[in-house]
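Colleague: with the sequence up front, the predicted model follows.
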Amino acid sequence: HLWQWQYGDGPIGWRLRPFSADEQATISAFFDPIDPDPIHAGGVTIYRVPLERLGAYARYTPAELQIDAARAKLRTLIAAANDYLAQGRNPAGLTLYAAARLKLMPRRWLTGAIAADYPHPPPMVNGLLMRSDHKGGVLIAVRAPRAALLALQAEYAKYCRKARIANPRPPLNWAELTQPILLLDFDRAGLAQAAAHAGRGA
């Protein structure tokens with residue numbers, strides 16, 4: 001998403017824009033705990049990872065880490081949607097941005113091109129979606145590798161009106177194109193039950 005259209009007197013082309021201040025803060029939030037004094041050289045930042053920090057993850061496979069990451073995102077979104085509605089707020093206003101403003105989910109999850117560059121961003125941001133529908137339900141979605149989504153679909157299907165995995169759709173961040181989407185459609189009671197389940201498992 002750092003590549004943007006460039007208009008001028010000649011042919012339309014692309015330009016590489018620098019990270020925004022919000023993106024730089026997000027990168028720092030991820031990596032500074034690993035290496036608070038990284039090396040900066042030639043426009044590249046090198047973070048040195050102490051090998052002893054990796055010991056806690058030695059028993060995990062990459063597939064297990066992907067499932068854990070997707071599960072953490074999904075639990076957060078379910079809890080955020082449930083808390084939003086439990087506070088008596090207007091269901092029509094339920095969005096990722098509203099939940100982030102209310103500190104129901106991490107604001108930095110929405111950092112990036114869509115958050116920064118579009119006055120009316122689409123509902124799916126960085127592989128996440130949360131919104132209400134006209135039937136009083138709540139739709140929550142996450143992008144992840146198919147194996148992770150199959151595990152989460154099996155875990156949450158009993159709380160949903162519908163739980164399905166959709167094929168990848170062209171996103172604004174093309175790096176996400178390889179990952180399918182798990183779509184969970186909840187009614188209000190099912191969302192509350194899923195939030196209770198997510199809280200017990202967290």
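Modeller: Perfect, thanks for sending it. Numbering: from 1, shown residues only.
Colleague: phi, psi for the residue nearest in space to the middle of the chain please.
Modeller: When the chain is reduced to its mean C-alpha position, the closest residue under C-alpha atoms, centre = their mean turns out to be L128, at 4.2 Å. In this entry, L128 is assigned phi and psi values of phi -130, psi 150 (degrees, to the nearest 10).
Colleague: ok, now the one 3 residues further on?
Modeller: The phi and psi values for R131, taken as degrees, to the nearest 10, are phi -160, psi 160.
Colleague: right, and it touches A92 too?
Modeller: No: R131 is beyond contact range of A92, at 9.1 Å (criterion: C-beta atoms under 8 Å). Bear in mind the C-beta positions are built from the backbone N, C-alpha and C, glycine included.
Colleague: and the two? Which one has more around it.
Modeller: More crowded of R131 and A92, by other C-beta atoms under 10 Å: R131, with 19 against 10.
Colleague: tell me the contacts of that one?
Modeller: 94-95, 123, 138-139 (C-beta atoms under 8 Å, 6 or more residues apart in numbering).
Colleague: and those, which are buried?
Modeller: Neighbour-count burial within the contacts of R131 applies to 94-95, 138-139; the criterion is 16 or more other C-beta atoms under 10 Å.
Colleague: filter those down to the ones in strands?
Modeller: Where these overlap with strands, as defined by DSSP state E, the overlap consists of 138-139.
Colleague: among the buried ones among the contacts of R131, which one sits closest to F19?
Modeller: Sorting the buried ones among the contacts of R131 by how near they are to F19, with C-beta to C-beta, puts T95 at the top with 24.7 Å.
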